[in-house]
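J.: Structure, please.
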Amino acid sequence: MNYFYQEFQENDQVVELSEEESKHIHKVLRKKEGDVIGMLNGKGLQAEGKIIGFTGKKISVQLQNLCFEENDPSGNLTIAIAPTKNMDRFEFFLEKATEIGLGKVVPILSSNSERKVVKEERLEKILVSAMKQSKRLYLPELKELTKFETFLDQDNSECKFIAHCEEEEKRNFVKELDPSKKTTILIGPEGDFSINEIKLALQKGYIPVSLGESRLRTETAGIYASAAFNMK
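T.: Below you'll find the model as predicted:
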C-alpha cells in the first residue's frame, strides 16, 4: 500500500489532501474513487483512506481503521548538525536518519561552516518522503538554521554530546546512550568545530564522544548517531 502525508486528527472522518499528494495519486498512480491508500499524519496516527471524490486539484478521502502509536521510540534524539557544502550529502543524511529514526534536526551555523543558507521547504519535503517510504509514524521536527552559540543556549536536553576531531579524552558514544532521556549530539562541518566552539560546548555541559576509530564525514556521523541511538 502506498502511504501519503496529511495532517489529520483522530476524530476526523474526511480529509482533503494537498495538491502535490493528490497529483501523485491521480496522475502517477492512476488511483480512482473507491481505491484505498495509506495515510500518515506525522504525529503517530496512521489510517486507511478511501478515495471518495476529486475536488479541483485535490482528493478527498474517508478515514478508516485508524491506529495510534503513542510513543515515538526515537523521539528523544536531537541531531544538531552543520549542513555540508554539497547539499546532496546533507539531504542523504536527512533521508537515512529519518528512515532510521530521530525526533529533531537542527541545522547549525558554525565558525567553519561552508554552507550558510539552507532551503527549509526542500528539506521538509525530503523528511516527509523518507517518513512515507519507511512507514515511520512520526515526522522529525526540522528547525531553522541556528547559530551554534544560540543553539547551546536553547538546548535543554538531559544528555548532551559533542563529536569533534580534536585529540582529547572522549567517551564511547554508544555506551553513553540512554534512549529514555532527551539526548542531543552536536556534529560539526567538514572543517570541524573551532577550538573556541568546543570549549564553549564543554562549558555548557556537553560531553566529548567518539563515534568509532574512523574519521567520519559529517553526514556519515549523523547517520551513525541515529543508528546507534535506535539500536540501544
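
J.: okay, now the closest residue to Ser210 other than its chain neighbours: neighbour count?
T.: Among residues not flanking Ser210 along the chain, Lys170 sits closest, at 4.3 Å (C-beta to C-beta, 6 or more residues apart in numbering). For the C-beta atoms, the positions are set from N, CA and C on the backbone; glycine is no exception. Using other C-beta atoms under 10 Å, Lys170 is surrounded by 16 other residues.

J.: For the remainder of this discussion, apply numbering that starts at 15.
T.: I'll keep to 15 as the first residue from here, and by that count the last item is Lys184.

J.: how about the spatially most central residue of the chain, phi and psi?
T.: Taking C-alpha atoms, centre = their mean, the centroid of the chain lies closest to Pro154, which sits 3.7 Å from it. For Pro154, the backbone dihedrals are phi -60, psi 140 (criterion: degrees, to the nearest 10).

J.: which residues in this structure form strands?
T.: With DSSP state E as the criterion, the chain has strands at 17-19, 28-30, 50-54, 59-69, 72-82, 91-95, 118-123, 155-156, 160-161, 173-177, 185-186, 197-201, 221-224.

J.: From the recorded domain assignment, give the ranges for this protein.
T.: When the chain is parsed with automatic domain parsing, its domains come out as 17-82, 91-245.

J.: Any chance of TSV for these, columns mean pLDDT?
T.: What follows is the domains of the chain, written out as TSV (pLDDT from 0 to 100):
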stretch	mean pLDDT
domain 17-82	93
domain 91-245	96
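
J.: Could you say which of these is packed most deeply?
T.: Most buried of these, by mean neighbour count (mean count of other C-beta atoms under 10 Å): domain 91-245, with a mean of 18.

J.: What is the end-to-end distance of that domain?
T.: 13 Å (C-alpha to C-alpha, to the nearest Å).

J.: Ok, stretch 26-46 next?
T.: For stretch 26-46, the first and last residues are 22 Å from each other (C-alpha to C-alpha).

J.: what's the spacing between it and its chain's center?
T.: With C-alpha atoms, centre = their mean, to the nearest Å as the basis, stretch 26-46 stands 24 Å off its chain's centre.

J.: And the residue nearest to the centre of the chain, how far from Asp86?
T.: To Asp86, Pro154 is 9 Å away according to C-beta to C-beta, to the nearest Å.

J.: Mutual contacts of the two, please.
T.: Gly117 (C-beta atoms under 8 Å, 6 or more residues apart in numbering).
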